[in-house]
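>>> sequence first, then the predicted structure, then my questions.
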Amino acid sequence: MSGGVVEYALRLGDDALIAAQRLGEWSARAPEMELDVALSNIALDQLGVARLMLSYAAESLREATSERGTSEAEAKPYWLDGDEDSLAYLRDAHEFRNCLLVELPNAGPAADFDAPGDFGVTMVKLLMLSAYQVPTYEWLATAGPDRRLAEIAAKARKESAYHLDLASLWTVRLGDGTEESHRRIQAAIDDVWPYGHELFESDEVVEAGLAPDPVEIRSRWLEHVEAVLATATLTRPADGWAPTGGRTGRHTEHLSRLLAEMQVLHRAHPGARW
Amino acid sequence: MARVVDPELRVVTIEELGILRDVSEDPATGAVTVTITPTYSGCPAMDVIRADIRGALAAAGRTDVEVRTVLHPAWSTDMITVDGRRKLAAAGIAPPAPAGTGPVALRLTVRCVRCGSPDTEEISHFGSTACKALWRCRACGEPFDLVKPL
């Protein structure tokens, strides 16, 4: 197994993990009980995929380390010999490989810290993420070169199809709803849209053939998202500013705050068990 | 193994739910290997299922047990047995329609598990557990769980 697969498994796993943490913030706070249950269920699905992906990355990192050996002089990250938990709880922000989209706060990219979540922003983020995850998992399950990623993706694609369904339905309901709901979800899509571009960037990991062709995935993504926006009577934002950096560990300050909350217990009580 | 039930759908066994893939015994050592698969990637019941399998085997005097988890082939609600479907319905949980493999998912009428009426509606895609959706019967007014096609 090459380093490329570790890197790609980290990207997919971190996308799912950080998305799960953000969705989990809605638990007991969603606009209605059914949505509370739905968002928590989606968070659980994403967390499940994150665990499978990070376990795979951790196993591969352990194998690579034991084959290669490490010298005393070599700076060795302390999560290198660990498991899924080490990767989730002991890495720092610059070591995460998730896209910026998933780390954006539920209140939106420009909101004050600790502002309460905006349901429209969450639906737009979920629409943009799951419209990317579904075709990506489909490719991995049917045409990807890595067997383990294919097995994980074969399960995840079916789950993400439900997520995409929910996000699409709610985008339509809010867009084609009241004047107020239309105004707010249009503002949400305008704010979040630039973060979609990063999902379709190419680099050596993608070019190595481990990931689907980003041009192909973007065309399927646009086909779905544009159709939903049109049905929702929303205006598709123009393409322009394209913030990036997540895949190489350059994140927004929002990720550090998210990790502080997600990791504090594990770091305060290392190795604690139920 | 026939006695181990799913912790979240307690009327069906793990075999009827289609998550028990294999049970094998090493004739030389007597070691038992049980292979299971998760329903959903994030199914939180997996740890309990593993513990219940060990408990059931321990009760039968088998302590050298390994429980393996496999992902392939991915679980589908089509793997729930006929008996499993019957037991779910009897417990008031609507069994899933065929998941379908074609490009267009076929949406069949969901009948109310209490009064049998086809006049039902989905309240939410997502229900009390990862594998269920929440439905309501317009005829008798009762809400019910549906194991959603996957």
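Received it, and whenever you're ready, just let me know what you need.

>>> CA only for contacts and neighbour counts going forward, please
OK.

>>> so A:His254 sits in a strand?
No. Looking at A:His254 with DSSP: H, G, I helix; E, B strand; the rest coil, it is helix, so not inside a strand.

>>> if you tally nearby residues, what's the number for it?
Close neighbours of A:His254, defined as other C-alpha atoms under 10 Å in any protein chain shown, add up to 15.

>>> which residues sit in contact with it?
By C-alpha atoms under 8 Å, 6 or more residues apart in numbering or on different chains, the residues touching A:His254 are A:103-105.

>>> what does B:Leu9 give?
B:Leu88.

>>> where does pLDDT dip in the chain?
Let's take chain A. Applying pLDDT under 70 to chain A flags residues A:1-2, A:68-76.

>>> actually, chain B is the one I wanted.
Under the criterion pLDDT under 70, the flagged ranges of chain B are B:1, B:100-108.

>>> in it, which residue sits closest to chain A?
Closest contact between chain B and chain A, by C-alpha to the nearest C-alpha, is at B:Gly42 (3.4 Å).

>>> check whether that residue sits in a helix, strand or coil.
Per three-state DSSP, B:Gly42 ends up coil.

>>> keeping just the C-alphas, turn stretch B:77-93 into PDB.
In PDB, the C-alpha atoms belonging to stretch B:77-93 read as follows (Å, rounded to 0.1, in the frame of the first residue of the first chain):
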ATOM      1  CA  THR B  77     -32.200  -5.000   3.700                       C
ATOM      2  CA  ASP B  78     -32.700  -7.700   1.000                       C
ATOM      3  CA  MET B  79     -30.600 -10.000   3.300                       C
ATOM      4  CA  ILE B  80     -33.300 -10.100   6.000                       C
ATOM      5  CA  THR B  81     -34.900 -13.500   5.900                       C
ATOM      6  CA  VAL B  82     -38.600 -14.300   5.200                       C
ATOM      7  CA  ASP B  83     -38.900 -15.300   8.900                       C
ATOM      8  CA  GLY B  84     -37.200 -12.100  10.000                       C
ATOM      9  CA  ARG B  85     -39.600 -10.000   7.900                       C
ATOM     10  CA  ARG B  86     -42.600 -11.800   9.400                       C
ATOM     11  CA  LYS B  87     -41.300 -11.300  13.000                       C
ATOM     12  CA  LEU B  88     -40.600  -7.600  12.400                       C
ATOM     13  CA  ALA B  89     -44.100  -7.000  11.100                       C
ATOM     14  CA  ALA B  90     -45.600  -9.000  14.000                       C
ATOM     15  CA  ALA B  91     -43.700  -6.700  16.400                       C
ATOM     16  CA  GLY B  92     -45.100  -3.500  14.700                       C
ATOM     17  CA  ILE B  93     -42.000  -2.700  12.700                       C
END
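
>>> and it, does that touch chain A?
No. Judged by C-alpha under 8 Å from any C-alpha of the partner chain, stretch B:77-93 makes no contact with chain A; its nearest approach is 11.3 Å.

>>> just stretch B:121-140 next, same as before
Yes. Stretch B:121-140 reaches chain A (C-alpha under 8 Å from any C-alpha) through B:123-130.

>>> can you pick the most crowded of those?
That'd be B:Phe126 among the residues of stretch B:121-140 next to chain A, by other C-alpha under 10 Å, with 28 neighbours.

>>> quick check: that residue is in a strand.
No. B:Phe126 is assigned coil when assessed by three-state DSSP, not a strand.

>>> OK, contacts around it?
For B:Phe126, the contacting residues are A:34, A:37-38, A:41, B:132-134, by C-alpha under 8 Å, 6+ apart.

>>> which residues of chain B lie near chain A?
Proximity of chain B to chain A (C-alpha under 8 Å from any C-alpha) is limited to residues B:40-43, B:71-75, B:123-130, B:150.

>>> ok so, going back, among the contacts of A:His254, which are in helices?
Using DSSP state H, the members of the contacts of A:His254 that fall in helices are A:Glu103.

>>> let me know how buried B:Glu8 is, in neighbour terms.
A count of nearby residues for B:Glu8, using other C-alpha under 10 Å, gives 16.

>>> on the three-state scheme, it is what?
Under three-state DSSP, the three-state class of B:Glu8 is coil.

>>> distance of it relative to A:Glu159?
18 Å (C-alpha to C-alpha, to the nearest Å).

>>> same question for A:Ser181.
Counting by C-alpha to C-alpha, the gap from A:Ser181 to A:Glu159 is 28 Å.

>>> just A:Ala272 next, same as before
Distance of A:Ala272 to A:Glu159, computed by C-alpha to C-alpha: 31 Å.

>>> cool, and A:Ala141?
Per C-alpha to C-alpha, A:Ala141 is found 13 Å from A:Glu159.
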